[in-house]
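Q: Got a predicted structure here, sequence first:
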Amino acid sequence: MRIAKYWKWIFVAIGALMALAAGVEWGMGRSLFGPDGKFGFWVGDIWSNECSQRLLDPYAFTHIGHGILFFGFLWLVARRFPVHHRLLIAAFLETCWEILENSPLIINRYRDGTIALGYGGDSILNSMSDILMMCLGFLIAWRLPVWASILLLVIMEIGCALYLRDNLALNIIMLIHPIEAIKAWQMGVHSSL
């Protein structure tokens, strides 16, 4: 009973972090549902202007990956903390990333150095979904054996690389230090459309 109470407050705290992120993003001019103002559940085309505007898109897998990696990192550096505290820390980190990712600094960096040439940032709906996907990844990693979490992460990375020519690893590389050869390979699928 006492453990369930802790989890309840962790989910309330995560909801508060999401509300904070939504408020900050609203203040930065982010739209709730994207430029068209319409709710959408899924968009599968990363080249579409609806990508990062709907509830889910292929990049949701990268946020699940964030959760798996945050779980592993926090297990290494804070394993004495109860898992629900580590989840809250991970949610805080993801919330900070979502706010930063939707700032002009990172939006412009994506436009300049990655394949996201027309990227205008996430809708608030998509950003909140990204935080939830990270939480899902964290909880999956908590429940699965280590080998299964690693295998899932590798499968998602390979699947995204094959389907999108993009994934979490490539996204990080291209954000930190763009490599023209990677960008050319990523753009190859788009230029043939």
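A: Looks like it came in fine. Numbering: from 1, shown residues only.

Q: Would you confirm that residue 155 belongs to a helix?
A: Yes - using DSSP: H, G, I helix; E, B strand; the rest coil, the assignment for residue 155 is a helix.

Q: Can you report how many residues lie near it?
A: 11 (other CB atoms under 10 Å). Quick note: C-beta positions are derived from backbone N, CA and C, even for glycine.

Q: Centre-most residue in this protein?
A: By CA atoms, centre = their mean, the chain has its centre lying nearest to residue 63, at 3.2 Å.

Q: So for the helix or strand of the chain with the lowest mean pLDDT, what gets flagged as buried?
A: None of the helices or strands of the chain scores lower by mean pLDDT, DSSP states H and E than helix 180-191, at a mean of 76. Residues 182-183, 186 are the ones in helix 180-191 that count as buried (16 or more other CB atoms under 10 Å).

Q: got those as TSV, with distance to residue 150 columns?
A: Shown next, in TSV, are the buried residues of helix 180-191 (distance: CB to CB, whole Å):
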residue	distance to residue 150
182	23
183	28
186	25
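
Q: wait, which of those residues is closest to residue 130?
A: residue 186 (20.6 Å; CB to CB).

Q: Surely that closest one and residue 165 touch.
A: Yes - when contacts are counted by CB atoms under 8 Å, residue 186 is listed as touching residue 165 (4.4 Å).

Q: secondary structure class for residue 37?
A: coil.

Q: Setting the sequence-adjacent residues aside, check what's closest to it.
A: residue 31 (7.0 Å; CB to CB, 6 or more residues apart in numbering).

Q: So for that neighbour, what's the pLDDT?
A: For residue 31, the model assigns a pLDDT of 92.

Q: residues in contact with residue 102?
A: 25, 28, 30, 121-122, 127 (CB atoms under 8 Å, 6 or more residues apart in numbering).

Q: do residue 62 as well
A: 156, 160, 167-168, 171.

Q: So it versus residue 103, what's the distance?
A: Using CB to CB, to the nearest Å, we find residue 62 at a distance of 18 Å from residue 103.

Q: Residue 171 too?
A: 16 Å.

Q: Pick out whichever of those two has more residues nearby.
A: When residue 171 and residue 103 are compared on other CB under 10 Å, the one with more neighbours turns out to be residue 171, at 19 against 15.
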